[in-house]
Every structure is written in C-alpha cells, then in structure tokens.
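Chemist: Generate coordinates for the sequence data below:
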Amino acid sequence: MQTQAGDPGAFAHFDLSRVDTPAFVVDAAKLRSNCQILADIRDEAGCKIFAALKAFSMWSTAPILGEYLDGVSTSGLWEARLASEFYDGEIATYCAAYKPQDLEEVCRLSDHVIFNSPGQMKRAALILDHAATTGGDVSVGLRINPMIATGEVPKYDPSAPGSRLGFPLDQLTQEHMEGVEGIHFHNLCEQTFEPLRQTWDRVFDAIEPYFGQLKWINMGGGHHITRADYEREELVEFLKDAAEDTGAEIILEPGETVALDAGILVGTLLDTMFNEGPVGITDISATCHMPDVLEAPYRPAMLGELTDDSVPIRLGGPSCLAGDVIGEYRLPVPAEAGARFAFLDQAHYSMVKTNTFNGVQLPSLWLWDSETDALECVKRFEYEDFRDRLS
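Modeler: Numbering: from 1, shown residues only. Below is the predicted model:
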C-alpha cells in the first residue's frame, strides 16, 4: 500500500534532539490548517463535519478541533465517554455491535446512535424507548453497506465480500427502516472525490424511497480532503446537490484528514549490524508503534530521506518478533548508534494503535506549534503504565 501523504511541512526545520525517543510530535499549527480547510468546505457546502476519534484522539488537541468542526464521531462507549469529557459539539456513535449493558450510556452521551443491522436495532428498542422517555434526544441511524468495492486493500475495504460492516444495501426494506432517522455509510480509505461519487451513485437509488423520512445522511470518512490534490470544488458542489436532492442534513466524518501530515514519530538508531546488507535496530517498533506498517502493509515516509544511490539500511524494532521490520531507508544522517530520525505522517492511526508487546516502551506525546515554536511534553509513559495493564 502506497502512503498518500508524507509532506514534511514545518517538520523539515524541527530539531529532533528536542524530544526523547521514541516520541510522537504533533504540530498544532498544521492541525489548525487542516481543520480550517474542513471548516471552509463545511461552510461552502452547508454540511456538517465531525472528526473521527478512531483515527486521532489526542484529546489535548480537542480545543483546536472544537474551534473549527461540528463535533466528533465515536466507535463505542469509551470513545463516547472521551468525547463527552473533552470535545465540543455533537457526538455520533457507531459500533459494529453494542453490548446491551453499554447501550444505555451510549444513548445518553450521543446525539446520533448508529446501528450495524436492523436486528440489533430491534433488540435495542426498549433501551431506545427508555432514552426517549427520560429526555434523551438521540437520533437513530442505520449503517448500510454500499456493496461497491473502492479500496486498494481488501482488509480496509468495508465493501469487500463478506464484510461485517453495514447492512447489505440489496437487503434493505421498508420494514428495516422503521424508526430510522439517518443513514450512515463509510466506504473509503485515503481516497479522493471520485470513489465517493461512485459510492453515492449506488446508494442514492436504494435510499431514495426514504428521502422524506431521513433527517441526516452520514457519508463516513476516508475522504482525503486536506491532501493537496483533493478535488474540493467538486466535493462542495456534490454535497450541495446531495442535500438538495435528499432534503437531509449531510455529514462527513473524516479522521485521518484531520491530522494528515500533522505528526512525526521520532526514533533513535540503537545498533547496527550486517546480514546480507546493513541492518539497524531502532527504538521504534513496527508492531508496537506503527502496526499498519505490517497490517496494510505500507512503507512510511522518512523525514529527509536521501534519494541518492547509497546503500540503504534495513530498519526494525527492538521486539522479538522476527517480522518487526519497518523497511529499507537511506538515512539523512550517518547510520550509527545514537542517530536520530523521524517517520512522517504518524499522528493518525499510529498513535491510537500503539501497544506494549514485549514490554516495548510507548512513545511519549509532544505538542509543538510550528508558528510559535512552543514545545510541550503532553504525556510520558512509565513502567507503571505497562504494569497496570496486566494483572
């Protein structure tokens, strides 16, 4: 999978020695810039834009997001709690399957509660009725599966054959839509405008009979709106047309694009050796700190990587997993112990997916403002954080 980002931006001038390693460094100015683009789209199109916490939930930046966006989308009870505690605006919650004991609180915290199937929604009827009678103003939605594959990698494509995400569009009936005020679909991954248009062409005919019923239509995330080559003018016109055609409020809930190119992961080269070529062991682990490197898989861009004909070094993490390999790189500094380097575009997904397999240290979290050069360590993880996850 080819990374669609990797613009160093202001990080090209950031002194990597200012932070310990491993460390995520997020640029507040870049976050503001991304959110301004999204807010401009929102204002021109007359839609709403939520930030998806599943991609980026560094809640110390919540005031920045709240200044520009309409709310957040969450993926279950704990993210809904986080949203209610730190984030401004509306909360839309979708989960592939809710635990019954969680759903009452989810309804209390959320403005929109989106179900993955009509069967699950039917079983939740008593909880939804109770929420309504106790003053809860929750709007119920159904996630549909457009059944049109647009993604590069099947494991990231919600419309892949046999997908568990969303109710198949060709099974939707009037009975399934009873009590439904909103439709949700999420069919994209790091994509530009055309796949959204293709998806909407498939969805439109299926939900047209319910246009008078639907209050909102949530078109999910995966829209790379803040990428330089995204067709923003086409998107604005599309969103206007969708609102006019359906009579519903249109919502986008991008995640990655909120923090696109807004963060780096800084590491240190700990040791080098030779085994059919140069090998480097770093304090950044693919399996612990950037699992998408192995799951997608993809090769993250490196800050300042050389483009000459020098021999690359194969970088991997300190864990015992043989496959904990990041890739081959031509370092911008001498490939020797103690050298600092950084991977680009690591604010989204990497940060929320970190783990402590093998007792590997979690990266510290830093907030930098490239406009003022202010730098703050927001969180540093200690041994106790690893210990207290276990028993």
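Chemist: correct me, but Asp137 touches His112?
Modeler: No - Asp137 is not in contact with His112 according to CB atoms under 8 Å; the separation is 10.4 Å. Heads up, the C-betas are built off the backbone N, CA and C, glycines and all.
Chemist: between those two, which one's more packed in?
Modeler: Remark: of Asp137 and His112, His112 carries more neighbours, 24 against 9, as counted by other CB atoms under 10 Å.
Chemist: What residues of stretch 81-92 count as buried?
Modeler: For stretch 81-92, a neighbour-count test (16 or more other CB atoms under 10 Å) marks 82-83, 86-87, 89-92 as buried.
Chemist: Taking the centroid of this structure, which residue is nearest it?
Modeler: Ala55 (2.1 Å; CA atoms, centre = their mean).
Chemist: before we move on, what SS does that one have?
Modeler: Three-state call for Ala55 (DSSP: H, G, I helix; E, B strand; the rest coil): coil.
Chemist: how close does it get to Ile127?
Modeler: As for Ala55, its distance to Ile127 is 28 Å (criterion: CB to CB, to the nearest Å).
Chemist: From the chain's centroid, how far away is the longest strand along the chain?
Modeler: With DSSP state E setting the assignment, residue counts place strand 263-274 as the longest strand in the chain. Remark: strand 263-274 is offset 25 Å from the chain centroid, using CA atoms, centre = their mean, to the nearest Å.
Chemist: Direction included, what does it pair up with?
Modeler: Strand pairing for strand 263-274, using DSSP bridges, gives strand 23-27 (antiparallel), strand 278-282 (antiparallel), strand 340-343 (antiparallel).
Chemist: what's downstream of the last one, the next helix or strand?
Modeler: On the C-terminal side of strand 340-343, the nearest following helix or strand under DSSP states H and E is strand 364-369.
Chemist: Just the pLDDT for Gly135.
Modeler: Looking at Gly135, its pLDDT stands at 68.
Chemist: I'd like the buried residues of stretch 81-92 laid out as CSV, including pLDDT and distance to Cys107.
Modeler: Formatted as CSV, the buried residues of stretch 81-92 follow (pLDDT from 0 to 100; distance: CB to CB, whole Å):
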residue, pLDDT, distance to Cys107
Leu82, 98, 17
Ala83, 98, 14
Phe86, 98, 20
Tyr87, 98, 18
Gly89, 98, 18
Glu90, 98, 14
Ile91, 98, 11
Ala92, 98, 12
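Chemist: For these, work out which two are farthest apart.
Modeler: The most widely separated members of the buried residues of stretch 81-92 are Phe86 and Ala92, with 15.9 Å between them, by CB to CB.
Chemist: buried stuff in the lengthiest helix in the chain?
Modeler: For the chain, the longest helix by residue count, based on DSSP state H, is helix 28-45. For helix 28-45, burial by neighbour count (16+ other CB under 10 Å) applies to 28-35, 37-39, 41-42, 45.
Chemist: check contacts around Leu77.
Modeler: By CB atoms under 8 Å, 6 or more residues apart in numbering, the contact list for Leu77 reads 99, 102, 105-106.
Chemist: For those, work out which two are farthest apart.
Modeler: Across these, no pair lies farther apart than Lys99 and Glu105, at 10.4 Å, counting by CB to CB.
Chemist: would you put the C-alpha positions of the helix or strand bottoming out on mean pLDDT in the chain in PDB?
Modeler: Sorting the helices and strands of the chain by mean pLDDT, DSSP states H and E puts helix 125-133 at the bottom, at a mean of 87. C-alpha atoms of helix 125-133 as PDB (Å, rounded to 0.1, in the frame of the first residue of the first chain):
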ATOM      1  CA  ALA A 125     -35.900  -1.000  21.100                       C
ATOM      2  CA  LEU A 126     -36.600  -1.000  24.900                       C
ATOM      3  CA  ILE A 127     -33.400   0.900  25.600                       C
ATOM      4  CA  LEU A 128     -34.100   3.400  22.900                       C
ATOM      5  CA  ASP A 129     -37.700   3.900  24.200                       C
ATOM      6  CA  HIS A 130     -36.300   4.400  27.700                       C
ATOM      7  CA  ALA A 131     -33.800   7.000  26.400                       C
ATOM      8  CA  ALA A 132     -36.600   8.900  24.700                       C
ATOM      9  CA  THR A 133     -38.900   8.900  27.700                       C
END
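Chemist: and the next element down the chain from that helix?
Modeler: Where DSSP H and E defines the elements, the next helix or strand beyond helix 125-133 is strand 139-145.
Chemist: Packing partners of that following strand?
Modeler: Here strand 139-145 touches strand 90-94, strand 112-115, helix 118-123, strand 167-168, strand 182-184, helix 193-207, strand 216-218, going by 3 or more CB pairs under 8 Å, 6 or more residues apart in numbering; DSSP states H and E.
Chemist: can you do 6 Å?
Modeler: Secondary-structure packing of strand 139-145 (3 or more CB pairs under 6 Å, 6 or more residues apart in numbering; DSSP states H and E): strand 112-115, strand 182-184.
Chemist: Outside of the shortest one itself, list whatever touches it.
Modeler: Residues external to strand 182-184 that are found in contact with it (CB atoms under 6 Å, 6 or more residues apart in numbering): 114, 139, 141, 143, 207, 214, 216-218.
Chemist: If we only consider these, which is nearest to Ala149?
Modeler: Arg143 (16.7 Å).
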